[in-house]
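Student: From the sequence below, what's the structure:
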Amino acid sequence: KARAEAEAEAAAKAKTAKEAADKELAETKKKLDAAEAAKAPPDDKKPPIKFKDAVGRKFSFPWHICKTWKGMEELIKQAFLHVEVIGPHVHEGHYDLVGPDNEIILPQVWEIVVQPDWAITMHMWPMPEPAAPAKAT
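Tutor: This is a model prediction of the structure:
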(Lines give C-alpha, C1' and ligand atoms only; values in the text may rest on other atoms or scores of the structure.)
Protein backbone atom coordinates (compact mmCIF):
# COMPACT_ATOMS: atom_id res chain seq x y z
CA LYS A 1 0.00 0.00 0.00
CA ALA A 2 2.86 2.39 0.90
CA ARG A 3 4.50 1.59 -2.40
CA ALA A 4 1.32 2.43 -4.35
CA GLU A 5 0.98 5.72 -2.45
CA ALA A 6 4.63 6.59 -3.17
CA GLU A 7 4.13 5.84 -6.87
CA ALA A 8 0.95 7.92 -6.97
CA GLU A 9 2.73 10.81 -5.19
CA ALA A 10 5.69 10.58 -7.60
CA ALA A 11 3.31 10.58 -10.58
CA ALA A 12 1.48 13.63 -9.17
CA LYS A 13 4.80 15.48 -8.69
CA ALA A 14 5.91 14.57 -12.21
CA LYS A 15 2.58 15.82 -13.60
CA THR A 16 2.92 19.10 -11.68
CA ALA A 17 6.52 19.55 -12.88
CA LYS A 18 5.48 18.87 -16.49
CA GLU A 19 2.63 21.40 -16.25
CA ALA A 20 5.02 24.03 -14.83
CA ALA A 21 7.55 23.37 -17.61
CA ASP A 22 4.82 23.58 -20.27
CA LYS A 23 3.56 26.86 -18.77
CA GLU A 24 7.10 28.32 -18.71
CA LEU A 25 7.66 27.22 -22.31
CA ALA A 26 4.41 28.90 -23.40
CA GLU A 27 5.37 32.14 -21.62
CA THR A 28 8.82 32.12 -23.22
CA LYS A 29 7.28 31.56 -26.66
CA LYS A 30 4.86 34.43 -26.06
CA LYS A 31 7.73 36.75 -25.08
CA LEU A 32 9.72 35.75 -28.18
CA ASP A 33 6.71 36.38 -30.42
CA ALA A 34 6.19 39.82 -28.83
CA ALA A 35 9.88 40.68 -29.28
CA GLU A 36 9.72 39.62 -32.94
CA ALA A 37 6.64 41.77 -33.52
CA ALA A 38 8.28 44.77 -31.84
CA LYS A 39 11.43 44.46 -33.95
CA ALA A 40 12.13 47.56 -36.02
CA PRO A 41 11.30 47.36 -39.71
CA PRO A 42 14.21 46.88 -42.13
CA ASP A 43 15.99 50.07 -43.24
CA ASP A 44 14.37 50.07 -46.67
CA LYS A 45 10.93 50.16 -45.01
CA LYS A 46 11.72 53.12 -42.70
CA PRO A 47 10.38 56.59 -43.58
CA PRO A 48 12.63 58.75 -45.80
CA ILE A 49 14.48 61.93 -44.86
CA LYS A 50 12.77 65.08 -46.10
CA PHE A 51 15.51 67.32 -47.45
CA LYS A 52 15.26 71.00 -48.41
CA ASP A 53 18.31 72.27 -50.26
CA ALA A 54 19.90 75.72 -50.31
CA VAL A 55 17.91 76.84 -53.34
CA GLY A 56 14.55 75.78 -51.87
CA ARG A 57 14.05 72.47 -53.67
CA LYS A 58 12.51 69.64 -51.67
CA PHE A 59 13.62 66.01 -51.87
CA SER A 60 12.65 62.76 -50.21
CA PHE A 61 15.80 60.70 -49.67
CA PRO A 62 15.48 56.95 -48.87
CA TRP A 63 16.57 56.24 -45.30
CA HIS A 64 18.73 53.25 -46.19
CA ILE A 65 20.90 55.53 -48.38
CA CYS A 66 21.05 58.73 -46.34
CA LYS A 67 21.48 57.16 -42.89
CA THR A 68 25.25 57.39 -43.46
CA TRP A 69 27.09 60.66 -44.06
CA LYS A 70 28.70 59.24 -47.19
CA GLY A 71 25.28 58.34 -48.63
CA MET A 72 23.75 61.72 -47.75
CA GLU A 73 26.72 63.62 -49.14
CA GLU A 74 26.51 61.68 -52.41
CA LEU A 75 22.79 62.43 -52.81
CA ILE A 76 23.42 66.14 -52.19
CA LYS A 77 26.27 66.21 -54.73
CA GLN A 78 24.03 64.54 -57.32
CA ALA A 79 21.31 67.13 -56.69
CA PHE A 80 23.79 69.94 -57.43
CA LEU A 81 25.54 68.45 -60.45
CA HIS A 82 24.10 71.01 -62.87
CA VAL A 83 23.50 73.98 -60.56
CA GLU A 84 25.63 76.96 -61.55
CA VAL A 85 27.26 79.33 -59.06
CA ILE A 86 26.76 77.32 -55.83
CA GLY A 87 27.19 73.82 -57.33
CA PRO A 88 31.00 73.91 -57.02
CA HIS A 89 30.72 75.14 -53.42
CA VAL A 90 28.38 72.25 -52.60
CA HIS A 91 30.85 69.78 -54.14
CA GLU A 92 33.56 71.25 -51.89
CA GLY A 93 31.33 70.69 -48.84
CA HIS A 94 30.74 74.38 -48.05
CA TYR A 95 27.38 73.85 -46.37
CA ASP A 96 25.77 72.80 -43.10
CA LEU A 97 22.87 70.42 -42.60
CA VAL A 98 20.37 71.49 -39.96
CA GLY A 99 18.03 69.09 -38.19
CA PRO A 100 14.43 69.61 -37.06
CA ASP A 101 15.63 71.25 -33.82
CA ASN A 102 17.54 73.92 -35.82
CA GLU A 103 20.91 72.53 -34.74
CA ILE A 104 23.72 71.85 -37.18
CA ILE A 105 24.47 68.13 -37.56
CA LEU A 106 28.20 67.58 -38.01
CA PRO A 107 29.35 64.87 -40.43
CA GLN A 108 31.18 63.05 -37.62
CA VAL A 109 27.93 62.50 -35.65
CA TRP A 110 25.49 62.18 -38.57
CA GLU A 111 24.97 58.42 -38.21
CA ILE A 112 24.40 58.68 -34.44
CA VAL A 113 22.06 61.68 -34.50
CA VAL A 114 19.89 61.50 -37.63
CA GLN A 115 16.57 59.63 -37.52
CA PRO A 116 14.12 58.41 -40.18
CA ASP A 117 11.38 60.87 -41.17
CA TRP A 118 13.39 63.93 -40.11
CA ALA A 119 13.28 67.21 -42.00
CA ILE A 120 16.81 68.32 -42.87
CA THR A 121 17.60 71.78 -44.26
CA MET A 122 20.75 72.79 -46.10
CA HIS A 123 22.45 76.14 -45.38
CA MET A 124 25.32 77.36 -47.53
CA TRP A 125 28.39 78.94 -45.97
CA PRO A 126 28.94 82.61 -46.85
CA MET A 127 30.44 82.99 -50.30
CA PRO A 128 33.59 85.02 -50.84
CA GLU A 129 32.94 88.44 -52.33
CA PRO A 130 33.94 88.68 -55.98
CA ALA A 131 37.03 90.83 -56.53
CA ALA A 132 36.12 94.38 -57.45
CA PRO A 133 37.26 95.38 -60.94
CA ALA A 134 40.30 97.67 -60.97
CA LYS A 135 39.41 101.33 -61.52
CA ALA A 136 40.88 103.00 -64.57
CA THR A 137 42.81 106.19 -63.79
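Student: Enumerate every residue touching residue 17.
Tutor: Applying Cβ atoms under 8 Å, 6 or more residues apart in numbering to residue 17 gives no contacts. Every residue, glycine included, has its C-beta placed from N, CA and C.
Student: which stretches of this structure form strands?
Tutor: Counting by DSSP state E, one finds strands in the chain at the ranges 49-52, 58-61, 95-98, 119-124.
Student: Residue 114 - how many residues pack around it?
Tutor: Residue 114 is flanked by 19 other residues according to other Cβ atoms under 10 Å.
Student: Hmm, it is touching residue 103, no?
Tutor: No: if you go by Cβ atoms under 8 Å, residue 114 and residue 103 don't touch, sitting 11.6 Å apart.
Student: returning to what we had before: any chance of the strands of the chain in TSV, with distance to residue 107 too?
Tutor: Putting the strands of the chain into TSV (distance: least, Cβ to Cβ, whole Å) gives the following:
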stretch	distance to residue 107
strand 49-52	15
strand 58-61	16
strand 95-98	8
strand 119-124	13
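Student: What is the least confident helix or strand in this structure?
Tutor: Ranked by mean pLDDT, DSSP states H and E, the weakest helix or strand in the chain is helix 2-38, scoring a mean of 88.
Student: where in this protein is pLDDT low?
Tutor: Low-confidence segments of the chain (pLDDT under 70): 37, 40, 131-137.
Student: Pretty sure residue 113 sits against residue 97.
Tutor: No: with contact defined as Cβ under 8 Å, residue 113 does not reach residue 97; the gap is 10.2 Å.
Student: neighbour-wise, which of those two wins?
Tutor: residue 97 (20 against 13).
Student: Could you check how many residues crowd around residue 55?
Tutor: Residue 55, neighbours per other Cβ under 10 Å, totals 14.
Student: and if you look at residue 110?
Tutor: 20.
Student: check contacts around it.
Tutor: 68, 69, 72, 97.
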